[in-house]
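Colleague: Fold the following.
(one chain, ligands or ions: 2)
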Amino acid sequence: MAFSTLTKPLFPSISSFTSKPISKTSLLSFNNNNNNNTLFHSKKQCSLVVNNVLKTVEPTQTSQVLDSVSNDVGSLVSKPTILVSEKLGEAGLQVLRGYGKVECIYDLSQEDLCSKISECDALIVRSGTKVTREVFEAGKGKLKVVGRAGVGIDNVDLKAATEFGCLVVNAPTANTIAAAEHGIALLAAMARNVAQADASIKSGKWQRNKYVGVSMVGKTLAVMGFGKVGSEVARRAKGLGMNVIAHDPYAPADRARAVGVELVSFDQAISTADFISLHIPLIPTTNKMFNDDTFARMKKGVRIVNVARGGVIDEDALVKALDSGIVAQAALDVFTEEPPSKDSKLVQHENVTVTPHLGASTKEAQEGVAIEIAEAVVGALKGELSATAVNAPMVSPEVISELAPYVLLAEKLGRLGVQLVSGGSGIKSVKVVYRSARGPDDLDTRLLRAMITKGIIEPISNSIINLVNADFTAKQKGIRISEERVVVDSSPELPIDSIQVQISNVESKFASGVSEGGQISIEGKVKYGVPHLTCVGSFGVDVSLEGNLILCRQLDQPGMIGKVGNILGEENVNVSFMSVGRTSLRKKAIMAIGVDEEPNKETLDKIGAVPAIEEFVFLKL
Ligand SMILES: NC(=O)c1ccc[n+]([C@@H]2O[C@H](COP(=O)([O-])OP(=O)(O)OC[C@H]3O[C@@H](n4cnc5c(N)ncnc54)[C@H](O)[C@@H]3O)[C@@H](O)[C@H]2O)c1
Ligand SMILES: O=C(O)[C@H](O)COP(=O)(O)O
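Modeller: Ligands and ions are numbered 1, 2, ... in the order given. Prediction:
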């Protein structure tokens, strides 16, 4: 009989079984027919509760006692059930079988998945299983962890997972090379019409003139998204003699330099490239990022590869761009709907090469991903912290309750700070300054740091940040987050007086957000339970951090509030807050305007055209 060690149990209330605390104890809790059964196992003693009867024995006798207590004990000590709903490498399955009861059931309908999940402690999926709110609802109380055997977690409803207390883990690194290699394979196959020529010859034709391709050497490749996969694609494309540029506003410049790639703006990338390769996550800000407008700005005859996510391209717009010749060819591994419909115009287009989401499908990557996810899931079932957890905060309810308003402030400051960064230089160093009357031991800032990290990273990646993975993810992205505590003379009742976020060595799209020290600097406070922005660069402001925000720098002169307010009013944009801060009378001032709706481009252009306005930025909070 195999027992496992739960050092940090996911399932509390075990202590209710005994009045004696047992130090250095291993715990296994199981439930059968509503009877509580628990094994407490330490170096000195083993206490076994079977059907609520406590037995204490020497550890060496554990298994004999277990066997003798009841012939049924084996069935009472049920192993966790792990459902694997898509093909997983054998090495990973072995890791899982060593810990739990593994059931591999593929191609489940949503209904069948919901019905099966109520018996499962863990679920392992790839991109083909939609883990929806209904699945979490059906697994409520039993389902403890969902493992995504791969990177993209856009098929898992993370909000629902968190709401239902289910941990979600992924395997972010093991398929990077496979995806990059597939990107290069598609690039070359597209340039030389490999798939089309193959189909032609198999249909009995010999069309040498029809399938003349284009060369890659000396051509410009724009890598959109310079993360794990994008940088490996860039490295390989350079080996093919291509001139590689990349666009990723959040990538460290030194990583690009190391690969010999120039980081450029979005417009420069799409307007100068002969080939474009997509490696960005599907998140709200990248949904249909390639659309009629962006295709219109591309070089005529551009060739596009997508091994990221189908949803980053507006597929109807791509068909139009292919028909008009703006896009000469496309090679796609991923689609908005998977599988795409059989009569999809895009899939059937003669200038399109397609593969059925094979980016991660090499033997090596699948074995690697399987082991990575199996270890993460087993660790989570044991209650261990997981470095690849993508949800589930773990802080005591007392700390959460006290810090709740500051948690929101911290996330908003991070979110606001990252939006002030302009592309090209990369975020490497973030400093957080907490002003507080409390001593260092009296204030747990892990949650706040995690939330600032979340605010900074989430708008620019598909990583979901929480207390568990914040430091890991920041490190992985090359961002160093340091903290400084300044003791101030305020009420120790309040945990924090103010939080300041400084982002160093970056360019800002709003120059006034840069302090005298050269960093982007924003500061906030909680007022009446609501997070407020109180300082931008060297300017003091006071505006509630809700909805959206427009920051304008203007010459300090009468009538400015009215002018901007009128423009917004005419466009039916409701102003929720407004605050003006200035350095000195009639010189420069900053206006911070909270707006309920997102103003359209024309409205923002009108604000920018007001003569006294020197710069402005629109920020989503
Ligand atoms: N086809 C496949 O089988 C396959 C395999 C692996 C990964 N993927 C997909 O490839 C993508 C990249 O994966 P990864 O592991 O490299 O992720 P990653 O997080 O390492 O890299 C993503 C990069 O995109 C950048 N980014 C975010 N928003 C951007 C924007 N608006 N413009 C430009 N860059 C932006 C981020 O800064 C980050 O550097 C993901 O969508 C992933 O799901 C697909
Ligand atoms: O995000 C990923 O890891 C890839 O898209 C791979 O997806 P798959 O596991 O369904 O092959």
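
Colleague: The residue nearest in space to the middle of the chain: what's it in contact with?
Modeller: In the chain, the C-alpha nearest the mean C-alpha coordinate belongs to S463, at 1.7 Å (C-alpha atoms, centre = their mean). Going by C-beta atoms under 8 Å, 6 or more residues apart in numbering, S463 touches V390, I457, N469, T473, K477. Quick note: C-beta positions are derived from backbone N, CA and C, even for glycine.

Colleague: Quick one, which of the residues you listed has the minimum pLDDT?
Modeller: Within the contacts of S463, N469 has the lowest pLDDT, namely 65.

Colleague: that older thread, among the contacts of S463, which lie within strands?
Modeller: The members of those all map outside strands under DSSP state E.

Colleague: nearest to V217, of the residues you listed?
Modeller: Ranked by distance to V217 (C-beta to C-beta), the contacts of S463 are led by K477 at 32.5 Å.

Colleague: how about the nearest residue to that closest one, chain neighbours excluded?
Modeller: Leaving aside its sequence neighbours, K477 sits nearest to I457 (C-beta to C-beta, 6 or more residues apart in numbering; 6.4 Å).

Colleague: Just give the number of residues close to that neighbour.
Modeller: 25 (other C-beta atoms under 10 Å).

Colleague: can you pick the most crowded of the contacts of S463?
Modeller: Using other C-beta under 10 Å as the neighbour criterion, N469 leads the contacts of S463 with 27 neighbours.

Colleague: that older thread, give me the subset of the contacts of S463 that lies in helices.
Modeller: Judged by DSSP state H, the contacts of S463 include I457, T473 as members of helices.

Colleague: Let me know the closest of the contacts of S463 to ligand 1.
Modeller: Of all the contacts of S463, K477 has the smallest distance to ligand 1: 7.3 Å, by C-beta to the nearest ligand atom.

Colleague: number of nearby residues for G260?
Modeller: 10.

Colleague: contacting residues around it?
Modeller: Contacts for G260 (C-beta under 8 Å, 6+ apart) come out as K238, V244.

Colleague: What's the local residue count around whichever residue of the stretch 101-250 of the chain sits closest to ligand 2?
Modeller: Here the residue of the stretch 101-250 of the chain nearest ligand 2 is G150; by C-beta to the nearest ligand atom that distance is 2.6 Å. Residues within reach of G150, counting by other C-beta under 10 Å, total 24.

Colleague: My guess is it contacts N175. True?
Modeller: Yes. Assessed by C-beta atoms under 8 Å, G150 is found in contact with N175 at 6.0 Å.

Colleague: which residues are in contact with both of those two?
Modeller: Common contacts of G150 and N175 (C-beta under 8 Å, 6+ apart): A360, V369.

Colleague: so which helix or strand takes in the residue of the stretch 101-250 of the chain closest to ligand 2?
Modeller: For G150, there is no host helix or strand (DSSP states H and E).

Colleague: In the stretch 401-550 of the chain, which residue sits nearest ligand 2?
Modeller: Closest point on the stretch 401-550 of the chain to ligand 2, by C-beta to the nearest ligand atom, is N462, at 8.7 Å.

Colleague: likewise the stretch 351-500 of the chain?
Modeller: A360 (3.6 Å).

Colleague: now stretch 95-102: mean pLDDT?
Modeller: Mean pLDDT, stretch 95-102: 97.

Colleague: Return the set of buried residues in it.
Modeller: By 16 or more other C-beta atoms under 10 Å, the buried positions in stretch 95-102 come out as V95, L96, Y99, G100, V102.

Colleague: Return the residues in contact with the fourth one.
Modeller: By that I understand G100. Shown in contact with G100 (C-beta under 8 Å, 6+ apart): K79, P80, T81, I82, D121, A122, V378, L381.

Colleague: repeat that for 6 Å
Modeller: Contacts for G100 (C-beta atoms under 6 Å, 6 or more residues apart in numbering) come out as K79, P80, I82.

Colleague: CA atoms of stretch 429-444 as PDB?
Modeller: Taking Å, rounded to 0.1, in the frame of the first residue of the first chain, the C-alpha atoms of stretch 429-444 are listed here in PDB:
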ATOM      1  CA  SER A 429      14.300  46.800 -12.900                       C
ATOM      2  CA  VAL A 430      11.300  47.800 -10.900                       C
ATOM      3  CA  LYS A 431      11.600  49.400  -7.400                       C
ATOM      4  CA  VAL A 432       8.600  49.500  -5.000                       C
ATOM      5  CA  VAL A 433       8.800  52.000  -2.100                       C
ATOM      6  CA  TYR A 434       6.300  51.400   0.700                       C
ATOM      7  CA  ARG A 435       5.800  54.300   3.100                       C
ATOM      8  CA  SER A 436       4.400  52.900   6.400                       C
ATOM      9  CA  ALA A 437       4.400  53.500  10.100                       C
ATOM     10  CA  ARG A 438       4.900  49.700  10.700                       C
ATOM     11  CA  GLY A 439       8.100  48.000  11.400                       C
ATOM     12  CA  PRO A 440       9.400  45.500   8.700                       C
ATOM     13  CA  ASP A 441       8.200  42.400  10.600                       C
ATOM     14  CA  ASP A 442       4.800  43.900  10.900                       C
ATOM     15  CA  LEU A 443       4.000  44.100   7.300                       C
ATOM     16  CA  ASP A 444       3.900  41.200   4.800                       C
END
